[in-house]
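Novice: Build the 3D model from these lines:
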Amino acid sequence: TVTVQPGQSIQKAIDGAREGAVICLAEGVWEENITITKSLKLRGIGQEQSRIQGKLEEYQPLVYKPVIHILSEVQISVDIDALMVYGIRVNYGVFSTILIEGKARVTITNTRASGSADRSIWLKDSAEATIVDSLISNSRTGIQIDDLAQLNITRSVVSNSEIGIWLANSAQATITLSQVSSNESFGIVLYNSARLTISSSVISHNFAGIAVSDSAQAIIATSQIEGNTMGIAGIELWSPAQVTVKGSNIANNRLIGINMYSRSGQLTVSDSQISNNGWIGVALNGSVQGIIATSTIKGNGTDETSCPLQEFYCNGILIGKLSQLKLVRSNVSANADWGIGALLRVCGAPVNLFPDQVIFEDMMLEDISRNNVS
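Specialist: Next up is the predicted model:
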């Protein structure tokens, strides 16, 4: 164990430490950018007591060092615990508060990473990170995961950035017992072939909740997607994306609970409630296949401020173009206009945009009732 006092160099302590050492930071502030290329533990005495702040130190034009840079072409294990790591805030350049590359395996516990002009945490290559009991905030992107990198988040908060979490390429993330909230744009964005699993978590009060595009896939279980109050939807799907929602609540989003505009996309919802969204509970448009089973779609479109055209837009479910829907043992009730509306002139639409079908399985007439409350 090596203890570093304020005024002493953390990098010097790391360079002189042997593999597996514990670098303990006393109470204080360090203005330093550090690089870790070996297995070790970097431990403070608390987020409010031990703080590493980035130093503006140019080494390429318009590219600057991360505050903590962890990289290795062979597998190493690095633990970061009980620290505040604060980034560099300028209006140019590419910054990361914590950058993890190569084959590094990193565990971040009881730590706050924030303040970068670009990314608070950035995972690349085949790096893996586990974040527990931590706060990631106040950057352009809270967490970005690229390439083949993998992330696990538990009991943590990602908030107050432009985008909370961004997954691209073949990146994978698992979010458990966590909160992604109050981000200025999307809470979570997936594209390319990214994979995301969310369980027992809350995605709330972002501009929009979750966006899934290209061939990305998301599984959302026992979670709350609610109160995303400025964008289009709690969950948005574009291109041939796939989303599975189980045992979750999609509620009080500004316009649409789940909005799917996609080519050959798939949506599966089970044991969930989609309610009190401003315009529409579920909107399917494009060559989309949707299955909604043992779920409730109710009270959507009833906010006159959010839905001024209640007689057309404010449905429990709205279906258009080549979409197909299978509805199984579900309840569609108390929505402002149609329980299920198709884009057809006879249903009030200006054009006919629904040549396909809706299949009802194990349904009774009373399962779709008490709509048209406007």
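Novice: Gly265 contacts Val288, correct?
Specialist: Yes - counting by CB atoms under 8 Å, Val288 is a contact partner of Gly265 at 5.0 Å. The way it works is simple: take the backbone N, C-alpha and C, and place the C-beta from them, glycine included.
Novice: Mutual contacts of these two, please.
Specialist: Shared contacts of Gly265 and Val288 (CB atoms under 8 Å, 6 or more residues apart in numbering): Leu237.
Novice: give me the low-pLDDT residue ranges for the stretch 1-150 of the chain?
Specialist: Applying pLDDT under 70 to the stretch 1-150 of the chain flags the ranges 58-63, 91-94.
Novice: how about a cut-off of 80?
Specialist: Along the stretch 1-150 of the chain, segments meeting pLDDT under 80 span 57-64, 89-94, 117.
Novice: Quick one: the helices in it, in order.
Specialist: 10-16 (DSSP state H, counting those that start in this stretch).
Novice: how close does Arg51 sit to Thr107?
Specialist: To Thr107, Arg51 is 20 Å away according to CB to CB, to the nearest Å.
Novice: Ok, Ser275 next?
Specialist: In terms of CB to CB, Ser275 sits 38 Å off from Thr107.
Novice: For these two, indicate the residue with more neighbours.
Specialist: Ser275 (22 against 17; other CB atoms under 10 Å).
Novice: can I assume Phe95 is in contact with Ser116?
Specialist: Yes - look at Phe95 against Ser116 with CB under 8 Å: they come within range, at 4.8 Å.
Novice: Find residues that contact each of the two.
Specialist: Here Phe95 and Ser116 have 54, 87-88 as joint contacts, going by CB under 8 Å, 6+ apart.
Novice: Can you tell me which of the residues you listed is nearest Asn192?
Specialist: Asn192 has its nearest neighbour among those in Gly87, at 25.9 Å by CB to CB.
Novice: Can you report how many residues lie near the closest one?
Specialist: Gly87 has 25 nearby residues by other CB under 10 Å.
Novice: do the same with Ile274
Specialist: With other CB under 10 Å as criterion, Ile274 counts 32.
Novice: Pretty sure it sits in a strand.
Specialist: Yes - counting by DSSP: H, G, I helix; E, B strand; the rest coil, Ile274 is found in a strand.
Novice: ok, it - contacts?
Specialist: 250-251, 257-258, 281-282, 295-298, 300, 316.
Novice: Next one: it, what pLDDT does it get?
Specialist: Note on Ile274: pLDDT of 98.
Novice: Would you quantify the distance from it to Gly281?
Specialist: Counting by CB to CB, the separation of Ile274 from Gly281 is 4 Å.
Novice: what touches both of the two?
Specialist: 250, 257-258, 297-298, 300, 316.
Novice: Out of the residues you listed, which sit inside strands?
Specialist: 250, 257-258, 297-298 (DSSP state E).
Novice: Select from those the one having the most neighbours.
Specialist: The residue in these with the most neighbours, by other CB under 10 Å, is Gly257 (34 neighbours).
Novice: Distance of that one relative to Gly247?
Specialist: Using CB to CB, Gly257 is found at 15 Å from Gly247.
Novice: The nearest residue to Asn206 once chain neighbours are set aside: neighbour count?
Specialist: Leaving aside its sequence neighbours, Asn206 sits nearest to Gly187 (CB to CB, 6 or more residues apart in numbering; 3.9 Å). If you count neighbours by other CB under 10 Å, Gly187 ends up with 30.
Novice: Equivalent analysis for Leu148, please.
Specialist: There are 15 residues near Leu148, going by other CB under 10 Å.
Novice: thinking it is in contact with Asn169, fair?
Specialist: Yes - counting by CB under 8 Å, Leu148 does reach Asn169; the two are 7.5 Å apart.
Novice: For Ile258, list each beta-bridge partner.
Specialist: For Ile258, the beta-bridge partners are Ile235, Val282 (DSSP bridges).
Novice: wait, doesn't it sit right on Ile250?
Specialist: Yes - applying CB under 8 Å, one finds Ile258 in contact with Ile250, separated by 6.1 Å.
Novice: where do the contact lists of those two overlap?
Specialist: 234-235, 274, 281.
Novice: sorry, back to before: what is the nearest of the contacts of Ile274 to Thr130?
Specialist: Ile250 (27.9 Å).
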